[in-house]
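>>> Structure for the following, please:
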Amino acid sequence: MSSLGKSLFGLVLLALWGGSAGAGLDVPLAALEVSENSDNPQILAALALKYEHAEGVPLDYLKAKTLYCRAARSGHAGAQYALGWMYANGRGVSRDDGVAARLFAMAAEQGHEYATRMMRFTQTDVKAQLPACLLPDTPVVQDEDSSQEVAVTFQDGPISRLVHQLAPRYEVDPRLVMAVISVESGFNARAISPKNAQGLMQLIPETAQRFRVKNAFDPAENIKGGMAYLQWLLAFFKGDVSLVVAAYNAGERAVERYRGIPPYPETRDYVRKIKQLYRKPTHPYQSNLVESSFVALPVN
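Take a look at the predicted model:
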């Protein structure tokens, strides 16, 4: 590649990571050769960039889009910006300014410099449909089994795979975790609530600190913290799923104060939504993890 070509590619790379707002310019060449099955969004975005600009690999817009999508879904601002650029310019996809604007807005919310600039020239259309790869994992209701419980599963995706990878460590049913993520954030790794709950499992700063989560917007860290909290709540309420999810929403002390699900409309609606996705009334728990709450009932 000529020195001019390398300089231009460097400028594109700079835009991808938003200048000083992001990281990734120092990704070693060896890391870029890692399998495309990597779950590291930084590596996926860098690989996508190479395919988009034929840097050492054949030009392949479809592969670039797929890799950008996976990185963008994990919350990588540079990938969100780059994918928006592809839609804004019709690079391997049908041009769609509405989709581009939504992607630029996602990246801009994280402080991405170039995405913020692009927001001046685009108008976000909330009705514009994001690419399918950025939509939440959709729960699929299957046929009733012999126990008359409806089995609910979620479509496979990067978050689902991460949950199944981490769940055994915390002895929490992946389906319960997926239900919580679905209701809490709709699988948006950058979600922030009015109460400053953050990330996939909507950890408030106090809960994040309690379970040693340093970056609540990192999907793996967030899920680990959320699972650790669920594990603790399951032990505290002796596996009573309704009490556990009520406490996840309103706090364990609120559940104790009302000796059951608090009468808050938000919490009761939350419990109802979770139980639509996770039908089991009880869940195994570690009896020696914490002294159980006085409102907990023994699990048969």
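>>> helix/strand/coil for residue 245?
What DSSP: H, G, I helix; E, B strand; the rest coil gives for residue 245 is helix.
>>> from what I can see it touches residue 184, true?
No. Residue 245 lies out of contact with residue 184 (Cβ atoms under 8 Å); the separation is 10.3 Å. C-betas here are computed from N, CA, C, even on glycine.
>>> Between these two, which has more neighbouring residues?
More neighbours surround residue 245 than the other of residue 245 and residue 184, with 27 against 23 (other Cβ atoms under 10 Å).
>>> what about the nearest residue to the more buried one once chain neighbours are set aside, neighbour count?
Residue nearest to residue 245 in three dimensions, not counting chain neighbours: residue 274, with 4.5 Å by Cβ to Cβ, 6 or more residues apart in numbering. Neighbourhood size, residue 274 [other Cβ under 10 Å]: 23.
>>> Now stretch 223-238 - C-alpha only, CSV.
The C-alpha trace of stretch 223-238 is given here as CSV (Å, rounded to 0.1, in the frame of the first residue of the first chain):
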residue,chain,number,x,y,z
ILE,A,223,-23.8,-9.2,33.2
LYS,A,224,-21.4,-10.5,35.8
GLY,A,225,-22.6,-7.8,38.2
GLY,A,226,-26.2,-8.5,37.5
MET,A,227,-25.8,-12.3,37.9
ALA,A,228,-23.9,-11.8,41.1
TYR,A,229,-26.8,-9.8,42.4
LEU,A,230,-29.4,-12.3,41.3
GLN,A,231,-27.3,-15.1,42.9
TRP,A,232,-27.4,-13.1,46.2
LEU,A,233,-31.1,-12.4,45.9
LEU,A,234,-31.9,-16.1,45.2
ALA,A,235,-30.1,-17.1,48.4
PHE,A,236,-31.7,-14.2,50.4
PHE,A,237,-35.2,-15.1,49.3
LYS,A,238,-34.7,-18.9,49.2
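>>> got the contact list for the residue nearest to residue 245?
Counting by Cβ atoms under 8 Å, 6 or more residues apart in numbering, residue 274 makes contact with 179-180, 183, 241, 245.
>>> One more: residue 204?
195-198.
>>> What is the nearest of those residues to residue 172?
Checking those against residue 172 by Cβ to Cβ gives residue 197 as the nearest, at 19.1 Å.
>>> who's in contact with the residue nearest to residue 293 when sequence neighbours are not counted?
Excluding its sequence neighbours, the residue lying closest to residue 293 (Cβ to Cβ, 6+ apart) is residue 236, at 5.1 Å. Residue 236 sits next to 247, 252, 290, 292-293, 296 when contact means Cβ under 8 Å, 6+ apart.
>>> where along the stretch 151-300 of the chain do the helices fall?
Here the stretch 151-300 of the chain has its helices, by DSSP state H, counting those that start in this stretch, at 158-170, 174-185, 205-210, 219-236, 241-250, 252-257, 265-277.
>>> what does the stretch 1-150 of the chain give?
For the stretch 1-150 of the chain, applying DSSP H, counting those that start in this stretch gives helices covering 3-16, 29-32, 41-52, 61-73, 77-89, 97-108, 113-118.
>>> So for the second one, mean pLDDT?
What it means is helix 29-32. Averaging pLDDT along helix 29-32 yields 52.
>>> For the contacts of residue 236, which single residue is the most surrounded?
residue 247 (27 neighbours).
>>> so what's the closest residue to it other than its chain neighbours up against?
Counting by Cβ to Cβ, 6+ apart, residue 247 lies nearest to residue 255, which is 4.7 Å off, once chain neighbours are set aside. By Cβ under 8 Å, 6+ apart, the contact list for residue 255 reads 237, 243, 246-247, 261-262, 293, 295.
>>> ok, those residues vs residue 219, which is closest?
Once Cβ to Cβ is applied, the member of these that ends up nearest residue 219 is residue 247, at 23.2 Å.
>>> The closest one and residue 75, how far apart?
Distance of residue 247 to residue 75, given as Cβ to Cβ, to the nearest Å: 27 Å.
>>> before we move on, what about residue 101?
Per Cβ to Cβ, residue 101 is found 19 Å from residue 75.
>>> again with residue 235
30 Å.
>>> swap in residue 173?
As judged by Cβ to Cβ, residue 173 and residue 75 stand 25 Å apart.
>>> Between those two, which is the more surrounded one?
A count of neighbours by other Cβ under 10 Å puts residue 75 above the other of residue 173 and residue 75, at 22 against 17.
>>> Once you drop chain neighbours, what's closest to that one?
If the residues on either side of it in the chain are set aside, residue 75 comes closest to residue 189, at 3.7 Å by Cβ to Cβ, 6+ apart.
>>> Isn't that neighbour up against residue 73?
Yes. Counting by Cβ under 8 Å, residue 189 touches residue 73, with 7.4 Å between them.
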